[in-house]
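J.: Here's my sequence, what's the structure:
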Amino acid sequence: MSENDARAGLRRDLRQRRRALPPAQRIAAAEALAQRLLALPFLPASGHVAGYWAMDGEIGLHAFQLRLPAGLVYCLPVLHGEELRFAPWRAGDGLVTNRFGIPEPDVAPSSALAPEQMALVVMPLVGFDDQGHRLGMGGGWYDRSFALRIAAPAPPWLVGVGFEVQRTSALDVQDWDVRPDAICTESDTLLAYLR
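T.: Numbering: from 1, shown residues only. This is a model prediction of the structure:
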């Protein structure tokens, strides 16, 4: 089996694990995740915080968004070429569906904020390991958008989030993979930036 086939198989298995969680467990996990994110030692006092629109069984960020301190502005990703940009969004603001069927703020992508303008970025994940590596969907959107973090320190601070059932023993890391500063689940916080 090739490395690409192995990664695709792992992604399938981990996505199925998160989809299998019952609704009550998902809601409780989102609440617990919000508490962990708000307790991060590097949570900024002000600036823009990027989240995402939960799809395909991803852990929700609604509780986190609602509890953000007043100095932080919640943003959602907007596709811009082959990278992400970010636009402020509150419940009730207009949304459009991008080419992947994901809702995003109804703004011109060129007017959205660049990745380096974010103070904190909360990224969905398909899987993660105990070393703090993140496995995404495979499109490379976050890796391309935050490639600046391979050689430069935070900010923006990067946090991968998912359910504890998405933990795996070890991930094969690629040269282009951008390692998050932390991984948060409903029951654990791995501070990778200390490793």
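J.: Just give me the residue closest to the centre of this protein.
T.: With distances taken as Cα atoms, centre = their mean, Met123 lies nearest the centre of the chain, 0.9 Å away.
J.: That one pairs with what?
T.: Counting by DSSP bridges, Met123 is bridged to Gly160.
J.: thought Ile150 was touching Val173?
T.: No - using Cβ atoms under 8 Å, Ile150 makes no contact with Val173, being 11.6 Å away. For every residue, glycine as well, the C-beta is placed using N, CA and C.
J.: pretty sure the residue nearest to the centre of the chain is in contact with Gly160, am I right?
T.: Yes - at 5.1 Å, Met123 and Gly160 qualify as touching, with contact defined as Cβ under 8 Å.
J.: Which neighbours do those two have in common?
T.: Listed as contacting both Met123 and Gly160 by Cβ atoms under 8 Å, 6 or more residues apart in numbering are 134, 180.
J.: Stretch 169-182: which residues count as buried?
T.: Going by neighbour count (16 or more other Cβ atoms under 10 Å), the buried part of stretch 169-182 is 171, 177-182.
J.: Export those residues as a markdown table, with columns for distance to Pro77 and secondary structure.
T.: Below are those laid out as a markdown table (distance: Cβ to Cβ, whole Å; DSSP: H, G, I helix; E, B strand; the rest coil):
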| residue | distance to Pro77 | secondary structure |
| --- | --- | --- |
| Leu171 | 23 | coil |
| Asp177 | 18 | coil |
| Val178 | 15 | coil |
| Arg179 | 19 | coil |
| Pro180 | 16 | coil |
| Asp181 | 18 | coil |
| Ala182 | 19 | strand |
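J.: Nearest to Pro41 among those residues?
T.: In terms of Cβ to Cβ, no member of the buried residues of stretch 169-182 lies closer to Pro41 than Ala182, at 8.9 Å.
J.: right, and the closest one touches Asp188 too?
T.: No - look at Ala182 against Asp188 with Cβ under 8 Å: they stay out of range, at 10.2 Å.
J.: Distance of Leu84 relative to Ala91?
T.: Leu84 sits at a distance of 21 Å from Ala91 (criterion: Cβ to Cβ, to the nearest Å).
J.: Good, wrapping up.
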